[in-house]
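**Q** Give me a model of this one.
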Amino acid sequence: MRKSSLIAALLAVSANLFAQNLPQAGIPVDAQTAAMASANVSAQADGLVHWNNIAAVANGESRFGAAVSYGSWLPAMEASSPVAVSGFMHLGEKFGLSAGFRNITGADVPLFDMYGNPSGNAKNGYMSMGLGAAYQFLPGLAVGITADYHSSRLTEDTGMNAVGIGIGGQYKLDDLLLGIKVSDLGSAGLPTASSFGASYKLDLAEGHSLEARAQASVLLASGGFNAGVAAQYTALDMISLRAGYYIGDAEAFIPSHLSLGAGIRFAGIGIDAAYLMFPSELGNSLCITLKYIL
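**A** Numbering: from 1, shown residues only. Take a look at the predicted model:
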């Protein structure tokens with residue numbers, strides 16, 4: 001009974017969040033990002049780069065990437081199912097483009113009339129789509145911009161549509177990669193945030209490497225703060241093991257959690273999986289991504 005009451009309260013809070021803004025925009029849709037504590041601004045380009053840091057499109061060696069991802073998010077609270085499809089293309093030596101689409105369907109949320117009586121259920125939903133472009137101004141230094149349309153619906157009269165602009169930058173110096181991103185500038189209610197991150201890759205032996213990442217973000221409207229630290233070990237240039245810890249904030253929608261993950265890549269085809277460990281009353285989350293990188 002106590003757990004049921006807690007979940008009901010969380011659902012009520014969530015309904016209010018979904019009705020007034022777009023916290024879903026912060027849910028990680030990339031399994032590698034999810035496994036590494038959402039530290040993505042210093043990540044290299046892959047199929048879901050549109051949601052990570054658009055600058056990586058022009059700053060990396062990959063010429064093309066595409067990915068599809070599926071997840072189960074906070075099953076005891078929202079039972080949301082994020083789905084994302086994204087891709088990029090590196091044109092010439094300095095220019096790149098990206099495109100992405102994501103959709104999140106959730107559980108039924110109870111509705112009440114003005115007297116507090118049950119009036120039915122509504123299924124919260126969220127969708128976004130967008131385009132991005134990036135340019136390398138100097139060797140190792142690239143910037144990019146994204147434009148995304150966001151839409152959420154709880155009922156026909158309750159929801160939100162918004163357009164958000166994202167700006168990203170990356171600087172690569174040997175094995176050190178620095179990233180910065182300002183996400184979702186624009187319409188009121190978007191979770192506009194500034195993020196700063198760094199990653200360092202250490203080659204241990206032929207085909208074996210260790211990568212460390214760290215990132216901090218500030219929500220500009222509320223001052224909410226979140227951060228993540230993570231590590232990735234890759235063997236034979238094929239198999240990767242990942243772990244991270246995310247420090248959340250009540251304003252950031254995502255609570256603190258430990259994340260674990262693994263990935264395998266061969267002939268440009270890769271599959272990643274992530275497991276996020278939240279408090280038991282929320283339920284642990286999963287994410288799986290299939291990608292191709294050329």
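
**Q** ok, which stretches of the protein are strands?
**A** 64-72, 81-91, 95-112, 118-138, 141-153, 159-173, 176-186, 193-205, 208-219, 225-235, 239-247, 257-266, 269-277, 285-293 (DSSP state E).

**Q** mind putting those in TSV, mean pLDDT and distance to V41 included?
**A** (C-beta placed from N, C-alpha, C; glycine too.) Output for these, formatted as TSV (pLDDT from 0 to 100; distance: least, Cβ to Cβ, whole Å):
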stretch	mean pLDDT	distance to V41
strand 64-72	93	17
strand 81-91	92	16
strand 95-112	80	15
strand 118-138	83	13
strand 141-153	91	11
strand 159-173	89	7
strand 176-186	92	3
strand 193-205	94	4
strand 208-219	94	6
strand 225-235	95	10
strand 239-247	97	14
strand 257-266	95	17
strand 269-277	96	18
strand 285-293	94	18
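
**Q** Tell me which of those approaches G47 most closely.
**A** strand 64-72 (2.6 Å; Cβ to Cβ).

**Q** Can I get that closest one in CSV, CA atoms only?
**A** Extracted in CSV, the C-alpha atoms of strand 64-72 (Å, rounded to 0.1, in the frame of the first residue of the first chain):
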residue,chain,number,x,y,z
PHE,A,64,28.6,8.4,-42.0
GLY,A,65,26.6,7.0,-39.1
ALA,A,66,23.1,5.8,-38.4
ALA,A,67,21.4,4.4,-35.3
VAL,A,68,18.1,3.2,-33.9
SER,A,69,17.6,3.0,-30.1
TYR,A,70,14.9,1.6,-27.8
GLY,A,71,14.5,1.8,-24.0
SER,A,72,12.4,1.3,-21.0
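
**Q** Given it, what are its sheet partners and their directions?
**A** Sheet pairing of strand 64-72 (DSSP bridges) gives strand 81-91 (antiparallel), strand 285-293 (antiparallel).

**Q** now these in a markdown table, with mean neighbour count?
**A** Shown next, in a markdown table, are the strands paired with strand 64-72 (neighbours: other Cβ atoms under 10 Å):
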| stretch | mean neighbour count |
| --- | --- |
| strand 81-91 | 20 |
| strand 285-293 | 21 |
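
**Q** Distance to S217 added to those, as a markdown table?
**A** Output for the strands paired with strand 64-72, formatted as a markdown table (distance: least, Cβ to Cβ, whole Å):
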| stretch | distance to S217 |
| --- | --- |
| strand 81-91 | 19 |
| strand 285-293 | 19 |
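
**Q** Out of those, the one nearest M36 is which?
**A** Of those, nearest to M36 by Cβ to Cβ is strand 285-293, at 11.5 Å.

**Q** got a list of contacts for that closest one?
**A** 28-32, 34-35, 46-48, 62, 64-75, 82, 265, 268-276, 278 (Cβ atoms under 8 Å, 6 or more residues apart in numbering).

**Q** Measure how that strand sits relative to strand 269-277, angle-wise.
**A** 160 degrees (axes from the mean of the first three to the mean of the last three Cα atoms, to 10 degrees).

**Q** Quote the end-to-end distance of stretch 241-254.
**A** One end of stretch 241-254 sits 23 Å from the other (Cα to Cα, to the nearest Å).

**Q** and what of stretch 212-227?
**A** In stretch 212-227, first residue to last residue: 14 Å (Cα to Cα).

**Q** Not counting its own residues, what contacts it?
**A** The contact list for stretch 212-227, computed with Cβ under 8 Å, 6+ apart, reads 36-43, 179, 191-200, 202, 228-232, 244, 246-252, 254.
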